[in-house]
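[1] The amino acid sequence is not available; the structure is as follows:
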């Protein structure tokens, strides 16, 4: 059976049994969701790459030490490890008082993902994404976290509730208030989020 057809729990068991290709399958399965979440949270591609690597180093070590309990929530567990590493990073940075406010850097002209788009479309898309990110950054922390986990991390509300230690209703309520707050800000600042 191909590794991509196996469940998360089967892959974890195989990795613990010594099959290294099982961890590669786990990384491939969740790398996009995880990296997107980290990158949008830290807003720095190089830092995001470092935290992404640190996350999987910790995942591997924790699996080898038997710290993962097979509960069908592997992605939530991995996201929590990344979330904790992000928090640790900003705590350390705050302690040395060198927090950077640099914007997320990305070479829009060399990204293969946008190679079919015209420069004008790319600029519009970038502006819309920048505007949305600024709106998200103005939300209260609990609402911001829900938006990032749901729309950029791709987690279900059940997974979000588990990761943030709240009920599903609380997670849904925070999402509702986040959307309402973003709509108010769009009207207040007269922001146009349409992509043509």
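    Alright, I've got the coordinates. None of these values were measured; they are calculated from a predicted model.
[2] Need phi/psi at residue 79.
    Dihedral pair for residue 79: phi -60, psi -40, per degrees, to the nearest 10.
[3] That one and residue 34 touch, don't they?
    Yes. Residue 79 lies in contact with residue 34 (Cβ atoms under 8 Å); the separation is 6.7 Å. For every residue, glycine as well, the C-beta is placed using N, CA and C.
[4] So which other helices or strands are in contact with the helix or strand hosting residue 135?
    According to DSSP states H and E, residue 135 maps onto helix 119-137. On a contact count with 3 or more Cβ pairs under 8 Å, 6 or more residues apart in numbering; DSSP states H and E, helix 119-137 meets helix 141-147, helix 168-189.
[5] Indicate which one of these is closest to residue 23.
    Proximity to residue 23 (Cβ to Cβ) singles out helix 141-147 among those, at 27.5 Å.
[6] buried residues in that closest one?
    Residues of helix 141-147 classed as buried by neighbour count (16 or more other Cβ atoms under 10 Å): 143-147.
[7] For this protein, just list every one of the helices.
    Assigned by DSSP state H, the chain shows helices spanning 8-16, 20-42, 45-64, 74-95, 119-137, 141-147, 157-164, 168-189.
[8] Make CSV out of these and add mean pLDDT.
    CSV is the format used below for the helices of the chain (pLDDT from 0 to 100):
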stretch, mean pLDDT
helix 8-16, 92
helix 20-42, 91
helix 45-64, 92
helix 74-95, 87
helix 119-137, 80
helix 141-147, 91
helix 157-164, 88
helix 168-189, 90
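[9] Dump these to CSV, plus distance to residue 2.
    Shown next, in CSV, are the helices of the chain (distance: least, Cβ to Cβ, whole Å):
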stretch, distance to residue 2
helix 8-16, 11
helix 20-42, 9
helix 45-64, 21
helix 74-95, 18
helix 119-137, 35
helix 141-147, 35
helix 157-164, 25
helix 168-189, 34
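[10] Can you report how many residues lie near residue 132?
    Residue 132 has 16 neighbours, counted by other Cβ atoms under 10 Å.
[11] if we can go back for a sec, find residues that contact each of residue 79 and residue 34.
    residue 153 (Cβ atoms under 8 Å, 6 or more residues apart in numbering).
[12] Walk me through the domains of the chain.
    Under automatic domain parsing, the residue ranges defining each domain of the chain are 1-104, 117-196.
[13] Count the neighbours of residue 73 for me.
    17.
[14] So it sits against residue 160, correct?
    No. The pair residue 73 / residue 160 is not scored as a contact, 11.4 Å apart, by Cβ under 8 Å.
[15] between the two, what contacts are shared?
    By Cβ under 8 Å, 6+ apart, no residue touches both residue 73 and residue 160.
[16] Give me the most central residue, this structure.
    residue 37 (1.2 Å; Cα atoms, centre = their mean).
[17] list the contacts for that one?
    Contacts of residue 37 (Cβ under 8 Å, 6+ apart): 79, 82, 148-149, 152-153.
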